[in-house]
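> can you look at this prediction? I've put the sequence above it.
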Amino acid sequence: EGDVIGITTAIIEDSNGLGFAIPSNTILREIQLLIETGSYDQHPWVGISGADMTYEIAQTIGADVTYGWLITQVTNEGAADLAGLQGGNKQVRINNDWMIIGGDVIIAMDGTRIVNGDSFMSYLEEHTVPNQTIAVTILRNNQTQDISLVLKQRPSVN
């Protein structure tokens, strides 16, 4: 129908068309600053590392959900740290891989289900901005709770 759904940013050589693109709705959010300043620095940042939940992880931690994003590490003084989100505290072996467990599991943001790290990052980039307050639904000790979190601006990488 001629609708732009994304802008290609990279193509893998000799891959029969495998490439990467930025969704057009992301570009629409960013284009004004790109035109005015040549860069865009309004990416939201939570300050966590994590792992996609799996059935095996859920079994190991005794969780009743197999979706979400398990927080393995929280950056000191990041948005997650200031909101009280918890990272992992124990290393275990799951399916022959070492895994850090014991952290909160993010299962929703502002009522939108988070199924993995990709949906977490996509939600942030498409629907939020720095200094915005969001409701993060987590699973902690098999109890669901909502935590209010004020997003920060992603630090620049030099």
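Right, received. Where do you want to start? Computed from a prediction, not measured in an experiment: that's the story for all the values here.
> excluding sequence neighbours, find me the nearest residue to Asn116.
Nearest in space to Asn116, with sequence neighbours left out and distances taken as Cβ to Cβ, 6 or more residues apart in numbering, is Asp52 at 4.1 Å. Glycine gets a C-beta too; all of them are placed from N, C-alpha and C.
> which residues does that neighbour contact?
Trp69, Leu70, Asn116, Gly117 (Cβ atoms under 8 Å, 6 or more residues apart in numbering).
> next SSE after the host helix or strand of Met121?
In the assignment (DSSP states H and E), Met121 maps to helix 117-127. Next along the chain after helix 117-127, taking DSSP H and E as the criterion, comes strand 133-140.
> sheet partners, orientation included, of that following strand?
In the sheet, strand 133-140 lines up against strand 105-109 (antiparallel), strand 143-150 (antiparallel) (DSSP bridges).
> the helix or strand following the first one pairs with which strands, parallel or anti?
The one in question is strand 105-109. Once strand 105-109 ends, the next helix or strand along the chain (criterion: DSSP H and E) is strand 112-113. Strand 112-113 has the following strand partners under DSSP bridges: strand 105-109 (antiparallel).
> what's the angle from the strand it pairs with to helix 117-127?
Relative orientation of strand 105-109 versus helix 117-127 (axes from the mean of the first three to the mean of the last three Cα atoms, to 10 degrees): 30 degrees.
> what's across from Gln143 in the sheet?
Arg140.
> and the strands in this structure, which stretches?
Secondary structure of the chain (DSSP state E): strands at 6-11, 19-23, 44-45, 48-52, 69-74, 90-94, 97-101, 105-109, 112-113, 133-140, 143-150, 152-153.
> of these, which is nearest Leu124?
strand 44-45 (4.8 Å; Cβ to Cβ).
> got a list of contacts for the closest one?
Contacts of strand 44-45 (Cβ under 8 Å, 6+ apart): 78-79, 124-125, 128-130, 132, 151-155.
> ok, stretch 119-139 next?
Stretch 119-139 is contacted from outside by 23, 25-26, 29, 42-46, 50, 63, 65, 68-69, 83, 85, 104-114, 144-154, using Cβ under 8 Å, 6+ apart.
> repeat that for 6 Å
With Cβ atoms under 6 Å, 6 or more residues apart in numbering as the test, stretch 119-139 has contacts from 26, 42, 44, 65, 69, 104-110, 112, 114, 146-153.
> give me the buried entries from the residues you listed.
Those of the contacts of stretch 119-139 that meet the buried threshold are 26, 44, 69, 104-109, 114, 147, 149, 151-152, by 16 or more other Cβ atoms under 10 Å.
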